[in-house]
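*Asks:* Prediction below, plus the sequence it came from.
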Protein chains: 2
Amino acid sequence: MSFVSVNIDQGLEAPVKLTRRALAKQRTRERVLAAARRLFSERGYEGATIRDIAQAAGMSTGAVFASFADKSELFEEILTADHEVIHAQMNQAARTAKTVDEALMGLFGVAYSFHVEQLPLLRASIAVSWTRSEAAERRARTELKHLFQLIDEALQRGVEQKQLKADVDAKLLAEIIWDVYLANYRRAVYDGWSVDALLERLSNQLKIILAGARA
Amino acid sequence: MSFVSVNIDQGLEAPVKLTRRALAKQRTRERVLAAARRLFSERGYEGATIRDIAQAAGMSTGAVFASFADKSELFEEILTADHEVIHAQMNQAARTAKTVDEALMGLFGVAYSFHVEQLPLLRASIAVSWTRSEAAERRARTELKHLFQLIDEALQRGVEQKQLKADVDAKLLAEIIWDVYLANYRRAVYDGWSVDALLERLSNQLKIILAGARA
């Protein structure tokens, strides 16, 4: 049994009215984020320092640190912003699809189109995903949950519509599909593959992965 | 039609007799490699500098550069040495197996056992695999070809022994299996999974991936 102290005022936030000071702070954050996004793309995560980013944003390193605790926080914030954009588009693509294959191709098509346009940032984010702290990994997984949920929902609808067997392990299937989806970016990075080429490969991979799950 | 000029003496090398000078050079290389392996494991690829490595090996940075062109060459040489060890063991595990599943579990079991013992180096090598130069990627793929061949051979034997259908796309199957095998290391890195836990997951993944390929 667990006791949770609940504050009934929680969640009731007063409407935010930005003071001039708060507005200035927000603009500073935006300038830093824009500069950081550019430098991470040009030089990778390790290659861009806070000093470089501050200089590119036209401010002191102290001013950067007033908004962000460290470089990893800055990097995470950029990826989070991208995630929010992409999640909404992937959701729409999946929900307007008629079959499980259409839904999966639709949602991953959105992701490929988005990331192939900014491959250097994607390379940096995959590399960082293998070297980050455990706490950063936890936060990343919390964000990824929303994307996995979209894949899971597409598979569940496939079950409901009797395209897939009722006893499929949707969680493990979703993770396998995710692994190959992500690994395919190597072809974009090193072989210059287009979104169409990536999707054709994914389509062939899905045929194999889903073969045993078809109803 | 291509014309190839062949030197019939090629491949006939005089037995190497190491001079004292050559022996000293070889010892230097070994000392540098040992120090580099330790520092890459402790600090990751980006965190270890040539200066650090030279210091740990008890020599000047100039002496390190006399043996290795740069840090990436040093890193590649460590991975190549590991590859040679692991390839022989994986080959043996695959060849003594009776079924395609046994062969795959056997060869990946060798790889998991090897890399889980030196996870920090594995993390660094996966991270680097997303940021390295195109030339370095080509060299890495040439090495990986030998491992893919083992997977491919295991699948082909599965076809010959009528465990798998004759028309399977062995190449694409091998790549899908490789992608999930590699992605599973995330569980070892961030969740402390043992080799047995990784293998249990891989076994479940193989059931899904091979389901449509079973004869």
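*Replies:* Great, that's in hand.
*Asks:* Please make it C-alpha for all contacts and neighbour counts, starting now.
*Replies:* Will do.
*Asks:* Can you tell me which residue sits nearest the middle of chain A?
*Replies:* A:His83 (3.9 Å; C-alpha atoms, centre = their mean).
*Asks:* For chain A, list the residues in contact with chain B, please.
*Replies:* Within chain A, the residues that sit near chain B (C-alpha under 8 Å from any C-alpha of the partner chain) are A:44, A:46, A:123-124, A:126-131, A:134, A:137, A:172-173, A:176, A:179-180, A:183, A:186, A:190, A:205, A:208-213.
*Asks:* what sits against A:Leu79?
*Replies:* A:Leu79 is in contact with A:Ser125, counting by C-alpha atoms under 8 Å, 6 or more residues apart in numbering or on different chains.
*Asks:* Quick check, pLDDT for it.
*Replies:* Looking at A:Leu79, its pLDDT is 95.
*Asks:* again with A:Lys25
*Replies:* On pLDDT, A:Lys25 comes in at 88.
*Asks:* same deal with A:Ala188?
*Replies:* You'll see A:Ala188 listed with a pLDDT of 98.
*Asks:* can you count the residues close to it?
*Replies:* As a burial measure, A:Ala188 scores 18 neighbours (other C-alpha atoms under 10 Å in any protein chain shown).
*Asks:* distance of it from B:Trp130?
*Replies:* Using C-alpha to C-alpha, to the nearest Å, we find A:Ala188 at a distance of 11 Å from B:Trp130.
*Asks:* so where's chain A uncertain?
*Replies:* Residues of chain A meeting the criterion pLDDT under 70: A:1-16.
*Asks:* What is the burial count for the closest residue to chain B within it?
*Replies:* Here chain A gets closest to chain B at one residue, A:Ala127, 4.1 Å apart by C-alpha to the nearest C-alpha. Neighbour count for A:Ala127, taken as other C-alpha under 10 Å: 23.
*Asks:* now the helices for chain A?
*Replies:* For chain A, applying DSSP state H gives helices covering A:20-47, A:50-57, A:61-67, A:71-95, A:100-116, A:119-129, A:134-160, A:170-183, A:185-191, A:195-210.
*Asks:* Can you lay out the ones you listed as a markdown table showing distance to B:Arg157?
*Replies:* A markdown table is the format used below for the helices of chain A (distance: least, C-alpha to C-alpha, whole Å):
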| stretch | distance to B:Arg157 |
| --- | --- |
| helix A:20-47 | 43 |
| helix A:50-57 | 54 |
| helix A:61-67 | 59 |
| helix A:71-95 | 39 |
| helix A:100-116 | 31 |
| helix A:119-129 | 35 |
| helix A:134-160 | 33 |
| helix A:170-183 | 24 |
| helix A:185-191 | 28 |
| helix A:195-210 | 19 |
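*Asks:* which residues sit in contact with A:Ala111?
*Replies:* With contacts defined as C-alpha under 8 Å, 6+ apart, A:Ala111 is in contact with A:86, A:90.
*Asks:* Residue ranges of each domain in chain A, please.
*Replies:* What automatic domain parsing lists as the domains of chain A is A:19-68, A:70-213.
*Asks:* Distance-wise, check A:Phe68 relative to A:Ala56.
*Replies:* 16 Å.
*Asks:* Ok, A:Tyr190 next?
*Replies:* A:Tyr190 sits 28 Å away from A:Ala56, going by C-alpha to C-alpha.
*Asks:* Next: A:Asp196.
*Replies:* Here A:Asp196 is placed at a distance of 35 Å from A:Ala56 (C-alpha to C-alpha).
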